[in-house]
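# what follows is a predicted protein model with its sequence.
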Amino acid sequence: MNHRSWQSISVVAGLLLVGVPQASADEFYKGKTIRFIVGFAPGGGYDTYTRVVARHIGKHIQGNPATVVENMEGAGSMIAANTLYRNTEPDGLTVGVFNSALVLRQALGDRAARFDASKFGWIGTPSVGLPSCAIMGFTGLKTLDDILASKRSIKMGSTRPGATTDDLPRILNLTLDTNFDIIRGYTGTSRIRIALQKREVDGVCFGWESMRTTGRSMLDAKGDDELIPFITHADSEEPEVKDLPRLEEVVKEKAGEDGMAILNAWLPQYDFQRPLSAPPNTPKDRLATLRKAFKTTLEDPQFLAEAKTSKLLITYVPGEKIEKKVAKILATPAKAKQKLSFLVPQKGQN
């Protein structure tokens, strides 16, 4: 056999070998189970969104893998993020869902963040964040003006520093001179809602996209039991928030450039809320499979029908776009980091 014939055989063999890994990747998920680790307690927004996604994504992956959702609550989802990064096999079978605010915590030098957010395999997110605050009817307060005029301390339920429940009241104290007393230690917004109903706390700040769903019965209540939104970042025609003061407008008016510097460094995390990610070094073909399946899931009529029934706001953000936003947060200028240093919990702080 001449040299040219051997060359032809080699080329054909090479092409055949190139196709083998792809075929294996396509079949990898058959008979497998994908585990979703949610960094918050059951019943909150993170848990609700993840469970709806998990119910539909398997049918959009070749091999139709099963799915299971586990709640690994604690430290504002820092435990889940650290576990995903450091103690999870990068085989494409584990997906983490944790607070995007933890990326900012890394940028600010928080030692509790034992990960490099730029190395996660970002899959995508089903929503953007619309941070909002609300007060209970039993306080007698209804509007932002009422709260600004109030002389008494107002107890705001919180999980811990690094969550909207904690960071936004602190930012409002700094920029608007509100008098919020932050009560920490709740493991999720579902627990804070119970505390509101028991009158342990007066109000709460978290995403409108979650509040409108998980807090619906309280929003629809009357009198002392009503949860009343008083400020929002949302651009919505929904009756509870469409006429509310907007966060950026109020801070710009009352706190000027210094206040806006704080807000502008803090807000980008809300461009990719409840992100799904894989551990570092997850094989690229499996990450690509998860990204494609996630996008297809969010376009699935059955998924969208369930999301509508659950009153979930769906805004798809692809993993590639999240990568760019993470890079931007990690490049936060030193001056802005200094202004936001209060967001990093000090040793012994709950």
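Happy to help now that I have it. A quick note: this is a predicted structure, and the numbers were derived from the prediction, not measured.

# now Gly96. Nearest residue, chain neighbours left out?
Once flanking residues are discounted, Gly96 sits nearest to Leu84: 3.7 Å by C-beta to C-beta, 6 or more residues apart in numbering. Glycine gets a C-beta too; all of them are placed from N, C-alpha and C.

# need phi/psi at the one you found.
Note on Leu84: its backbone torsions stand at phi -60, psi -40 [degrees, to the nearest 10].

# ok, now Val241?
Backbone torsions of Val241, given as degrees, to the nearest 10, read phi -130, psi -10.

# isn't it right next to Pro229, touching?
Yes - assessed by C-beta atoms under 8 Å, Val241 is found in contact with Pro229 at 5.5 Å.

# where does the residue nearest to the spatial centre of the chain land on pLDDT?
The residue lying closest to the centre of the chain (C-alpha atoms, centre = their mean) is Arg274, at 2.5 Å. Looking at Arg274, its pLDDT stands at 94.

# is it in contact with Thr50, as I believe?
Yes - Arg274 is within contact range of Thr50, at 7.2 Å (criterion: C-beta under 8 Å).

# lowest-confidence helix or strand of the protein?
Averaged element by element with mean pLDDT, DSSP states H and E, the chain has its least confident helix or strand at helix 3-27 (a mean of 48).

# what ranges do the strands span in the chain?
33-38, 66-71, 94-97, 121-125, 131-136, 154-157, 180-183, 203-207, 227-232, 276-278, 317-318 (DSSP state E).

# got those strands as JSON lines, with mean neighbour count columns?
Shown next, in JSON lines, are these (neighbours: other C-beta atoms under 10 Å):
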{"stretch": "strand 33-38", "mean neighbour count": "19"}
{"stretch": "strand 66-71", "mean neighbour count": "15"}
{"stretch": "strand 94-97", "mean neighbour count": "26"}
{"stretch": "strand 121-125", "mean neighbour count": "26"}
{"stretch": "strand 131-136", "mean neighbour count": "26"}
{"stretch": "strand 154-157", "mean neighbour count": "23"}
{"stretch": "strand 180-183", "mean neighbour count": "18"}
{"stretch": "strand 203-207", "mean neighbour count": "27"}
{"stretch": "strand 227-232", "mean neighbour count": "23"}
{"stretch": "strand 276-278", "mean neighbour count": "27"}
{"stretch": "strand 317-318", "mean neighbour count": "18"}
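
# one step back: any shared contact partners between Val241 and Pro229?
Common contacts of Val241 and Pro229 (C-beta atoms under 8 Å, 6 or more residues apart in numbering): 132, 208.

# quick check: end-to-end length of stretch 235-248?
Stretch 235-248 has an end-to-end distance of 12 Å (criterion: C-alpha to C-alpha, to the nearest Å).
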